[in-house]
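[1] Below is the structure, and that's it, no one-letter string:
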C-alpha cells in the first residue's frame, strides 16, 4: 500500500467515526461554550476532534498535529495533520 493511500484510508475511517458521533447527537441537546465573544465550541467539537486525534495518533505516532480545540502535538515526522472538525456551530 502506498504511503499516500494509507494516510487517506486512516483519515477516511477517522472522519467517518467522528461524523457518526456528530450525526448521533444532531438532534439532542448539547453543551455550548464560548472561546471568545462569538467563537463557540460544543462538546461535539471536542468529542469529534478527540476521535480524529486518537485515530491518527494511533496509526502515525510520529506525525505532528494541529487541532483547532486541542492545540499542537509535536512529532519527528515532516507530516502535519490539521484538524478542524465541522459541526456547524457558527457559519
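    Structure's in. What do you need? Everything numeric here is computed off the predicted structure, so don't read it as measured data.

[2] Does the nearest residue to residue 72 once chain neighbours are set aside belong to a helix, a strand or coil?
    Distance criterion C-beta to C-beta, 6 or more residues apart in numbering; nearest residue to residue 72, sequence neighbours excluded, is residue 66 at 5.3 Å. Bear in mind the C-beta positions are built from the backbone N, C-alpha and C, glycine included. Per DSSP: H, G, I helix; E, B strand; the rest coil, the secondary structure class of residue 66 is strand.

[3] Give me the below-cutoff pLDDT ranges for the chain.
    1, 29-40, 86-91 (pLDDT under 70).

[4] any chance you could map the strands in it?
    Secondary structure of the chain (DSSP state E): strands at 32-34, 40-42, 64-67, 71-73, 80-83.

[5] can you tell which of these is closest to residue 2?
    strand 80-83 (17.7 Å; C-beta to C-beta).

[6] which other helices and strands contact the closest one?
    helix 43-59, strand 64-67 (3 or more C-beta pairs under 8 Å, 6 or more residues apart in numbering; DSSP states H and E).
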